[in-house]
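Novice: This is a predicted model, with the sequence first.
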Amino acid sequence: MLILVWIFILGSMEMAKKKLLPFRKLTGLDALPEMVGRAAEMNRPVHFTTGLGSLTESVAPQLVAGLAVLAHVSELCAKYGVKIIYSVYAAQVMPIATELIKAAYVKAGKPEEFHAEESVRYLSGEQFAYASAVQGIAERERPAANIMIGPFYAESMLFSETFQRIGSIQLAGTARGYQIPFFAIVCDYLLIGEEIYAAGAYLSGDPVQVGTTRGQDYGKIVALILMILGILATAAGSTAITSLLGM
Amino acid sequence: MSTTLKKTIPVAIVFVVALLVMMDYFIVTPPTDAAGKSWTSGAVKDLQNWGIILTAFSLGFGAVNLFYFHSKHISRRTPDQWFFSLWLLIVIVIFTAVGVFTGPTSTSYNWIYNASYFALSATVYSSLGFYMTSGLYRALRIKNIESAIFMVVGVIVLAKNAPALAVYSPALAAWGSFIENVITTSAQRGIMIGGALGAISLGIRTMTGRETGFLGKLTEEEKGGGTE
């Protein structure tokens, strides 16, 4: 299955070099300029966090996806002159985030407006200490927009409700199934599961990156076919498909 | 910064490291030492140790960031902030001193941890109940057909999980179980499969140097194309 997905994705990348593939609109990502623009109008900061992600765990892809969006949001903030606050849980992400935001300000021709200690804030490596600190930032600095992309756990509801109460416009995205409903009922925009992984490709506008998402879709079709075959085979008393998948 | 430093070297490192980790996980390589371990498992173990060392260093970086940020607020007497900053630094110093002089597994350290952080952590976690209630209140307001369906389903599941209702209305409990075990589980699995494929796709893009979001927004020149 993994080899098949590799083939599909690499094939789609090659195909995309020849022809721009259509890509479904992701409203949440399209709303980013509006969110930063609102913060500029209100003269309030934009808050960003990637949740409890660390680069050495299985949730690392979600964190990397969040960082790709952070790079884009930083660029928008630098362009519109809006302060960005990135709340850090895992200290190892700090140097990467600092570089990302700094690069955005340099690209916008405003390196003097970047203040690392103000923009990138290490809060705590403990879940609820970090959660309380983010809530504190929300209450004291009242960001106009809150963007949360990455792996979130119990703090998802604490964040989304707190920012909702102070009137922030919110975009949330996670691939952690249990937290998606919490974000769905509170946040203005939502990225569900695989959409966060496509965010980097979507925002880059690079046709080859966008092409990889076509490969994902082929992978889903294969998974669907295997599921249907599995249901039929199991109903007929055969364990061929489950044995093939090592279940 | 040159393209080599900004893109080529980081992407090459990512490619080699990811390939090694994947090889160790998926491919059974012959053992090369007496303990029966292959060369990939040794290399991956070393990489993990480097990761731990880097994480430890970055914690120091985090502590410096905390001291710098909060000292500034204290010296400026930032309204509504400086006393929290002062309290935070006092607590950091107390924890560090007790940890250094008595050890992180000592009774004293455990006592201050359990009596302060542990209790506060449990309190914050408990407050989640109130946040969930206010979120639920907003979610269950009927505004359109979707929210009406959401409300009905929500009430059934809520009733199923409320012991008294489940006892007096077993049919409702059965519906609740069906919603949880069949409808919700199948939707969650769909999201999980999509998420897993998305993670693989992101991994391939990262390994092949197409996804460079974690390196910041590169110019066309840095990406290897023409000037922007």
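Specialist: On my side now, so go ahead.

Novice: Summarise which helices and strands the host helix or strand of B:Gly129 is packed against.
Specialist: Per DSSP states H and E: B:Gly129 is located in helix B:119-139. Packing contacts for helix B:119-139, counted by 3 or more C-beta pairs under 8 Å, 6 or more residues apart in numbering or on different chains; DSSP states H and E, involve helix A:127-141, helix A:155-165, helix A:180-186, helix B:145-161. Every residue, glycine included, has its C-beta placed from N, CA and C.

Novice: Buried residues in it, which are they?
Specialist: For helix B:119-139, the neighbour count (16 or more other C-beta atoms under 10 Å in any protein chain shown) marks B:Ser121, B:Val124, B:Ser127, B:Leu128, B:Tyr131, B:Met132, B:Gly135, B:Ala139 as buried.

Novice: Residues contacting it, please?
Specialist: The contact list for helix B:119-139, computed with C-beta atoms under 8 Å, 6 or more residues apart in numbering or on different chains, reads A:126-129, A:131-132, A:154, A:157-158, A:160-162, A:182, A:185-186, B:147, B:150, B:154.

Novice: Tell me where the model's unsure across chain A.
Specialist: Applying pLDDT under 70 to chain A picks out residues A:1-2, A:4-5, A:8, A:14, A:16-21, A:246-247.

Novice: And the strands in it, which stretches?
Specialist: Applying DSSP state E to chain A gives strands spanning A:46-49, A:84-88, A:120-122, A:145-149, A:169-174, A:189-192.

Novice: Does the second one reach chain B?
Specialist: Read it as strand A:84-88. Yes. Legend: contact between strand A:84-88 and chain B by C-beta under 8 Å from any C-beta of the partner chain is shown at A:Val88.

Novice: now that strand, how far from the centre of its chain.
Specialist: 14 Å (C-alpha atoms, centre = their mean, to the nearest Å).

Novice: which secondary structure elements does it contact?
Specialist: Here strand A:84-88 touches strand A:46-49, helix A:60-80, helix A:94-107, helix A:116-119, strand A:120-122, helix A:127-141, going by 3+ C-beta pairs under 8 Å, 6+ apart.

Novice: and the direction of the helix holding B:Gly129 versus that of helix A:155-165, what angle?
Specialist: 60 degrees (axes from the mean of the first three to the mean of the last three C-alpha atoms, to 10 degrees).

Novice: pLDDT on helix B:119-139, on average?
Specialist: Across helix B:119-139, the average pLDDT comes to 90.

Novice: Output that helix as PDB - backbone C-alpha positions only.
Specialist: Output in PDB follows, covering the C-alpha atoms of helix B:119-139 (Å, rounded to 0.1, in the frame of the first residue of the first chain):
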ATOM      1  CA  ALA B 119      -2.800  20.700  41.500                       C
ATOM      2  CA  LEU B 120      -3.000  23.600  39.100                       C
ATOM      3  CA  SER B 121      -2.900  21.300  36.200                       C
ATOM      4  CA  ALA B 122      -5.800  19.200  37.500                       C
ATOM      5  CA  THR B 123      -7.700  22.500  38.100                       C
ATOM      6  CA  VAL B 124      -7.200  23.700  34.500                       C
ATOM      7  CA  TYR B 125      -8.200  20.300  33.100                       C
ATOM      8  CA  SER B 126     -11.300  20.300  35.200                       C
ATOM      9  CA  SER B 127     -12.300  23.800  33.900                       C
ATOM     10  CA  LEU B 128     -12.600  22.100  30.500                       C
ATOM     11  CA  GLY B 129     -16.100  20.900  31.600                       C
ATOM     12  CA  PHE B 130     -17.300  24.500  31.700                       C
ATOM     13  CA  TYR B 131     -15.800  25.300  28.300                       C
ATOM     14  CA  MET B 132     -17.400  22.200  26.800                       C
ATOM     15  CA  THR B 133     -20.800  23.200  28.200                       C
ATOM     16  CA  SER B 134     -20.600  26.700  26.800                       C
ATOM     17  CA  GLY B 135     -19.400  25.300  23.400                       C
ATOM     18  CA  LEU B 136     -22.200  22.700  23.500                       C
ATOM     19  CA  TYR B 137     -24.800  25.300  24.200                       C
ATOM     20  CA  ARG B 138     -23.800  27.200  21.100                       C
ATOM     21  CA  ALA B 139     -23.500  24.100  19.000                       C
END
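
Novice: looking at chain B, which helix or strand is least sure?
Specialist: helix B:220-223 (a mean of 58; mean pLDDT, DSSP states H and E).

Novice: Distance to A:Ile101 and mean neighbour count added to the helices and strands packed on helix B:119-139, as TSV?
Specialist: As requested, the helices and strands packed on helix B:119-139 are arranged in TSV below (distance: least, C-beta to C-beta, whole Å; neighbours: other C-beta atoms under 10 Å in any protein chain shown):
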stretch	distance to A:Ile101	mean neighbour count
helix A:127-141	16	19
helix A:155-165	20	24
helix A:180-186	24	22
helix B:145-161	38	15
